[in-house]
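K.L.:
only geometry, no sequence info:
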């Protein structure tokens, strides 16, 4: 994983994702907003708003942020493997990633290892 995470939530990536308000009047809070996905893409700043709404909801529900989960994985000695093709494709350098990533492999190298592992999380 990258050292610096600037994660955003976009409803365009998952049109089925419900957009709910984590705060506001009781009659509106927690209700799904009936906003068509195509309309969301036209509203300036909608991605930023969706990101803030998701963070607020996660905080209210006690869900850990990705940075915290990454730190817990590192603390638990989870083996972190980076996809070399993705790193090359987006012109990342190894210095952009946490130093705990010890292997940089392609899909052909990863799949046999994944078969032998107890648990895999492919992100």
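P.N.:
Great, that's in hand. Values in this document were obtained by computation on a predicted structure and should not be read as measured data.

K.L.:
how about residues contacting the one helix or strand residue 85 maps to?
P.N.:
Using DSSP states H and E, residue 85 falls within helix 84-89. Identification of contacts with helix 84-89 by C-beta atoms under 8 Å, 6 or more residues apart in numbering yields 92, 93, 94, 97, 104, 105, 106, 107. In short, each C-beta sits where N, CA and C put it, glycine included.

K.L.:
from these, list just the buried residues.
P.N.:
97, 104 (16 or more other C-beta atoms under 10 Å).

K.L.:
want to throw the contacts of helix 84-89 into CSV with secondary structure, distance to residue 48 and pLDDT?
P.N.:
CSV is the format used below for the contacts of helix 84-89 (DSSP: H, G, I helix; E, B strand; the rest coil; distance: C-beta to C-beta, whole Å; pLDDT from 0 to 100):
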residue, secondary structure, distance to residue 48, pLDDT
92, coil, 24, 90
93, coil, 28, 87
94, helix, 30, 86
97, strand, 25, 89
104, strand, 32, 89
105, strand, 35, 90
106, coil, 35, 88
107, helix, 33, 83
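
K.L.:
looking at the contacts of helix 84-89, which is nearest residue 22?
P.N.:
Ranked by distance to residue 22 (C-beta to C-beta), the contacts of helix 84-89 are led by residue 97 at 31.8 Å.

K.L.:
surely residue 81 touches residue 106?
P.N.:
No. Contact criterion C-beta atoms under 8 Å: residue 81 and residue 106 do not qualify, at 10.5 Å.

K.L.:
and for those two, which residues touch both?
P.N.:
Contacts common to residue 81 and residue 106, judged by C-beta under 8 Å, 6+ apart, are absent.

K.L.:
no further queries at this time; thank you.
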